[in-house]
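Asker: Structure for this input, please:
(one chain, ligands or ions: 1)
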Amino acid sequence: MSAAPAISLTGVRFSYARKAPVVLDMERFEVAAGEKVFLKGASGSGKSTLLGLIAGIMAPTAGRIEVLGEPMSKLSGGKRDALRAERLGVIFQMFNLLPYLPAGANVMLPARFSARRGKACEAAGGAEAEARRLMTRLQLDPKQYWSSPPIELSVGQQQRVAAARALIGRPGLVLADEPTSALDADARDAFLSLLIEECAASGAALLFVSHDGSLASKFDRAVDLSELNTAGRSA
Ligand SMILES: Nc1ncnc2c1ncn2[C@@H]1O[C@H](COP(=O)(O)OP(=O)(O)OP(=O)(O)O)[C@@H](O)[C@H]1O
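Answerer: Numbering: from 1, shown residues only. Reported below is the predicted structural model:
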């Protein structure tokens, strides 16, 4: 079980609608358990689409996607949602924080929705203690910001809430889609180092999408989706 790759994708094709063009066509892509992979690629090369497929938000038109040893692409929509909630941490471009919940409650959400992630927090003293620890680690002081509504936080602070929420309850895989695009270089480097450290501490694999190639050296490996995705290429 621990040896299962975090992501294993074989012969995957995807289009957004039945008669729409194929936007993703990939023979193979694999991320090992605990591996940190930097995913780059030209705008429109399909990075967000690939993350959406791995997260189970969409299902491929053809092919197979396994996530943490589970057959994500074979599951119903409801089961894909459950697998995502139980085993994945996802940081979206716009963070998707719930605006009516304060920061601390946003961080705790996965531990509330998933029994597995709630249980994983027990060793740390429960979901609230773990949420506070993660916020502190990500340099967002919970004494000051626990009760803040997201709208009162800066973009960088919202990003830290989103990262803490993705990391809570030891997910096996963290997917991050351009989470640093709104930050200056210093804030971006600091955030990325913390994210990588926390993934390493909990044994999570990390698939991190960015246009900023200067970040690639922090990862085990960099992958260019423009090379892997053959959709739209003439044979
Ligand atoms: N909801 C959608 N409906 C139809 N087509 C879409 C949709 N989302 C993306 N596409 C198309 O799929 C292709 C890949 O888009 P995607 O957003 O995955 O690329 P990306 O590499 O993440 O781009 P960027 O770096 O600009 O964020 C593009 O041609 C885009 O027009």
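Asker: Nearest the middle, which residue of the chain would you pick?
Answerer: L175 (1.7 Å; Cα atoms, centre = their mean).
Asker: you'd agree that residue is in a helix?
Answerer: No - assessed with DSSP: H, G, I helix; E, B strand; the rest coil, L175 is strand; it does not lie in a helix.
Asker: From the ligand, how far out is it?
Answerer: Look at L175 and the ligand: by Cβ to the nearest ligand atom, to the nearest Å, they are 12 Å apart. For every residue, glycine as well, the C-beta is placed using N, CA and C.
Asker: Help me confirm that that residue comes into contact with A205.
Answerer: No - between L175 and A205 there is no contact under Cβ atoms under 8 Å: 9.4 Å.
Asker: Flag every residue of this structure that's near the ligand.
Answerer: The chain comes close to the ligand at residues 16, 23, 41, 43-49, as judged by Cβ under 6 Å from any ligand atom.
Asker: The same query, at a cut-off of 8 Å, please.
Answerer: Residues of the chain lying close to the ligand (Cβ under 8 Å from any ligand atom) are 16-17, 20-21, 23-24, 41-52, 93, 177-178, 209, 211, 225.
Asker: Out of the residues you listed, which end up buried?
Answerer: Buried members of those, scored by 16 or more other Cβ atoms under 10 Å, are 23-24, 41, 45-47, 49-52, 177-178, 209, 225.
Asker: In CSV, list these along with distance to A231 and pLDDT.
Answerer: CSV is the format used below for these (distance: Cβ to Cβ, whole Å; pLDDT from 0 to 100):
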residue, distance to A231, pLDDT
V23, 6, 95
L24, 6, 96
G41, 12, 90
S45, 9, 91
G46, 7, 93
K47, 13, 93
T49, 10, 95
L50, 11, 96
L51, 16, 96
G52, 15, 95
D177, 19, 90
E178, 21, 80
V209, 17, 94
L225, 10, 93
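Asker: So, low pLDDT: which residues of this structure?
Answerer: Across the chain, the ranges flagged by pLDDT under 70 are 1-3, 94, 234-235.
Asker: how about the strands in it?
Answerer: Taking DSSP state E, the strands of the chain run over residues 7-15, 22-31, 36-40, 62-67, 88-91, 173-177, 205-209, 221-224.
Asker: And the helices in the chain?
Answerer: Using DSSP state H, the helices of the chain run over 47-54, 77-87, 103-113, 115-120, 127-137, 142-145, 155-167, 185-202, 225-228.
Asker: and the first one with helix 77-87, angle?
Answerer: Read it as helix 47-54. Per axes from the mean of the first three to the mean of the last three Cα atoms, to 10 degrees, the angle that helix 47-54 makes with helix 77-87 is 100 degrees.
Asker: Give me the contacts around helix 47-54.
Answerer: With Cβ atoms under 8 Å, 6 or more residues apart in numbering as the test, helix 47-54 has contacts from 7, 9, 12, 14, 23-24, 26, 29, 39-41, 58-60, 65, 67, 72-73, 90, 93, 173, 175, 177, 207, 209, 225, 229.
Asker: Next: the fourth one.
Answerer: By Cβ under 8 Å, 6+ apart, the surrounding residues in contact with helix 115-120 are 85-87, 110-112, 127, 168-171.
Asker: Just put these in a markdown table and tack on distance to L215 and neighbour count.
Answerer: As requested, the contacts of helix 115-120 are exported to a markdown table (distance: Cβ to Cβ, whole Å; neighbours: other Cβ atoms under 10 Å):
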| residue | distance to L215 | neighbour count |
| --- | --- | --- |
| A85 | 28 | 19 |
| E86 | 29 | 18 |
| R87 | 25 | 22 |
| P110 | 25 | 27 |
| A111 | 29 | 23 |
| R112 | 32 | 13 |
| A127 | 30 | 23 |
| I168 | 24 | 28 |
| G169 | 26 | 30 |
| R170 | 24 | 19 |
| P171 | 21 | 27 |
